[in-house]
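> no sequence for this one, just the structure:
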């Protein structure tokens, strides 16, 4: 009787342990699944954030890493200048933002961070600037900041200029500071480019037959914008590096001239490389040289 009771007790303990194991194993597996899912979501989130960082700056990063020479330029495009009159695109930008069709990023002094952390919220943005969603402040938008990169394109041995981002600027007046510029937000040009290609404009106020799109306007550099900053380690504006309006103007003109001279040198190299080489005559070298010199002189006189 005692032996039978001991056997029953043993069987009961074994069954109890088996049941406990069956219960515990699924619970551990579920916890593991939850943890794995959490880690996967975190990895996806990190990957997405990294993609957003690299996607917005991908073109610039590629250019800086693969060009023998490059320079980042920041300009202010004043809409009161006739050359910039085609830039009537704020209504389009405002509508696209309102419909969540493009991304815009906070304007930060000294840097542009196109990451999820700095995405603007349209509602918060309109409230901050006192803008009604049904009342687009066209009259207040007086210009744009433009970030562009000049670089030497090695495959074509030519100077290229690529727009990188634009920032609408509104001007408001108050009794204390007078008229003040307020940058609204940065938009990577890659965000606006597909829409800019579908916006027809007259590209020249002097020749109405020259037509194209807003994208053509940017790509062909038909705008007129003063330089207010260049890429530099401290991200300082030109006004921070100069002390008088005259010094500021001189620095702007110096940088513009450097860009023009660099482009001229490249074009001169292209012309010299494209000229056919005249084979030297094996015959009467002296006579040939005299004739050649005479012909060259006549060309010079004629032109």
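Nice, I can see it. Bear in mind that the values here come from a model prediction, so they are computed numbers and not experimental data.
> now the helices for this structure?
In the chain, the segments counted as helices under DSSP state H are 2-66, 90-98, 122-128, 189-196, 214-219, 238-241, 245-274, 285-302.
> For the residue nearest to residue 113 when sequence neighbours are not counted, list the residues it contacts.
Excluding the flanking residues, the one nearest residue 113 by CB to CB, 6 or more residues apart in numbering is residue 105, at 6.7 Å. (Each C-beta comes from the backbone N, C-alpha and C, glycine too.) Residues in contact with residue 105 (CB atoms under 8 Å, 6 or more residues apart in numbering) are 112-115, 118-120, 185-188.
> again, only this time at 6 Å
With contact set as CB atoms under 6 Å, 6 or more residues apart in numbering, residue 105 has these partners: 114, 118, 186.
> Out of those, which comes closest to residue 73?
Minimum distance to residue 73 across these is 15.3 Å, recorded for residue 186 (CB to CB).
> That closest one is in contact with residue 113, isn't it?
No. If you go by CB atoms under 6 Å, residue 186 and residue 113 don't touch, sitting 8.8 Å apart.
> out of these two, which sits in the more crowded spot?
Legend: neighbour count by other CB atoms under 10 Å for residue 186 and residue 113, higher for residue 186 (26 against 13).
> Identify the bridge partners of residue 229.
Beta-bridge pairing of residue 229 under DSSP bridges involves residue 74, residue 237.
> Next, count neighbours for it.
20.
> Show me which residues of stretch 98-110 are buried.
Of the residues in stretch 98-110, 102-107 count as buried by neighbour count, 16 or more other CB atoms under 10 Å.
> Tell me how far the residue nearest to residue 211 when sequence neighbours are not counted lies from residue 168.
With CB to CB, 6+ apart as the criterion, residue 211 has its nearest non-adjacent residue at 5.7 Å, and that residue is residue 202. In this view, residue 202 and residue 168 are 21 Å apart by CB to CB, to the nearest Å.
> Give me the more crowded residue out of these two.
residue 168 (24 against 14).
> Tell me which residues touch that one, please.
Counted by CB under 6 Å, 6+ apart, residue 168 has contacts 90, 141, 144, 184.
> Check what pLDDT the residue nearest to residue 211 gets.
Per-residue pLDDT puts residue 202 at 85.
> The one 4 residues further on now?
Reading off the confidence values, residue 206 has pLDDT 75.
> just residue 7 next, same as before
At residue 7, pLDDT is 57.
> hmm, who's touching stretch 70-79?
63-64, 84, 142-144, 146-151, 223, 225-231.
> among these, which are in strands?
Counting by DSSP state E, the members of the contacts of stretch 70-79 that fall within strands are 142-144, 146-151, 225-230.
> contacting residues for the residue nearest the centre of the chain?
With distances taken as CA atoms, centre = their mean, residue 164 lies nearest the centre of the chain, 2.5 Å away. If you count contacts by CB under 6 Å, 6+ apart, residue 164 has them with 60, 147-149, 189.
> okay, the residues you listed in CSV with neighbour count next?
Shown next, in CSV, are those (neighbours: other CB atoms under 10 Å):
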residue, neighbour count
60, 20
147, 21
148, 21
149, 19
189, 20
